[in-house]
Structure formats: structure tokens, C-alpha cells
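**Q** everything below, folded, please.
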Amino acid sequence: QVQLTESGGGLVQAGGSLRLSCVVSGLTSNIYIMGWFRQAPGEGREFVARISWSGGALAYADFVKGRFTVSRDSAQSTVYLHMDSLKPEDTAVYFCAADLSWNGVHRSPSEYEYWGQGTQVTVSS
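**A** Numbers count the residues shown, from 1 in each chain. All right, here's what the predicted structure looks like:
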């Protein structure tokens, strides 16, 4: 089993920055890929970024390229999402996810088995 715990969300003004953390516990040695997703009220869960446990397989959604950076610290079993130049439309609950397999894509929520509880990010205009 794998457990994920996000933190770091909050209220920030447009143009500001936040860093989300996802602490991973359990069978971390079996994890291949980690993803960040977000879900705004009334919307589906959408892909934000992904990174493999070894630090490769980096990918970002087009709407965050150049503003968000995903990284991981394997020694701390933590994955980060650093968010700069935040916009009101970035307001959502942000989730981290993990999967033990790799299909070369891993951009859909259905491709991830383990999920955290989410952390709220609110960007005011």
C-alpha cells in the first residue's frame, strides 16, 4: 500500500507563488510515477504535471508550462509542485497521485491507483 499526504495549499494573490508538498509513505520502492492533478468546483479532475520516482518522465499540462515545476526528493519521499505566477483560474483542489506501473502516458486520473486527500489552492484577483 501507498499513502499520500498533500500540504502547502492556501490563499494567495494573483501573481504569487505556492509550493505544494506530497509526502509518500508505505511501499515507496514500488512506485514508478507520481502525478499532480487539480479539480475546480463543478469540473472534472485534470492533469497538471507528472514525474517518475527516479526523476524522469517529466510532463506538464500546457496551461502550466513555464509557471509550475514538479520535483521530487526521494530521500525525503516527497514530491513537490512549485507554482509561480498564479492566476485566479488556478483555483482548485490539488491532488497528488501515484502508480506502480508506467504506460508512457499517465496523464489521466484513471491511470493512477493511489491518491492523497487534496489541498485547496485559492488565487484571488
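
**Q** check contacts around Ser21.
**A** By C-beta atoms under 8 Å, 6 or more residues apart in numbering, the contact set of Ser21 is 6-8, 78-80. Quick note: C-beta positions are derived from backbone N, CA and C, even for glycine.

**Q** buried members of the residues you listed into PyMOL, please.
**A** Of the contacts of Ser21, the buried ones go into a single PyMOL selection, burial set by 16 or more other C-beta atoms under 10 Å:
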select buried, resi 6+8+78+79+80
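
**Q** where do the strands sit along the chain?
**A** 2-7, 10-13, 18-26, 33-39, 46-52, 59-60, 68-73, 78-83, 92-99, 114-115, 119-124 (DSSP state E).

**Q** one step back: tell me the one of the contacts of Ser21 nearest His106?
**A** Val79 (13.6 Å; C-beta to C-beta).

**Q** list the contacts of the closest one.
**A** Going by C-beta under 8 Å, 6+ apart, Val79 touches 21-22, 24, 34, 36, 51, 70-73, 96.

**Q** filter the residues you listed down to the buried ones.
**A** Buried among those (16+ other C-beta under 10 Å): 21-22, 24, 34, 36, 51, 70, 72, 96.

**Q** what's the closest of the contacts of Val79 to Glu111?
**A** Once C-beta to C-beta is applied, the member of those that ends up nearest Glu111 is Met34, at 12.0 Å.

**Q** dig out what that closest one forms beta bridges with.
**A** Beta-bridge partners of Met34, counted by DSSP bridges, are Ile51, Ala98.

**Q** pretty sure it sits against Cys22.
**A** Yes: the pair Met34 / Cys22 is scored as a contact, 7.1 Å apart, by C-beta atoms under 8 Å.
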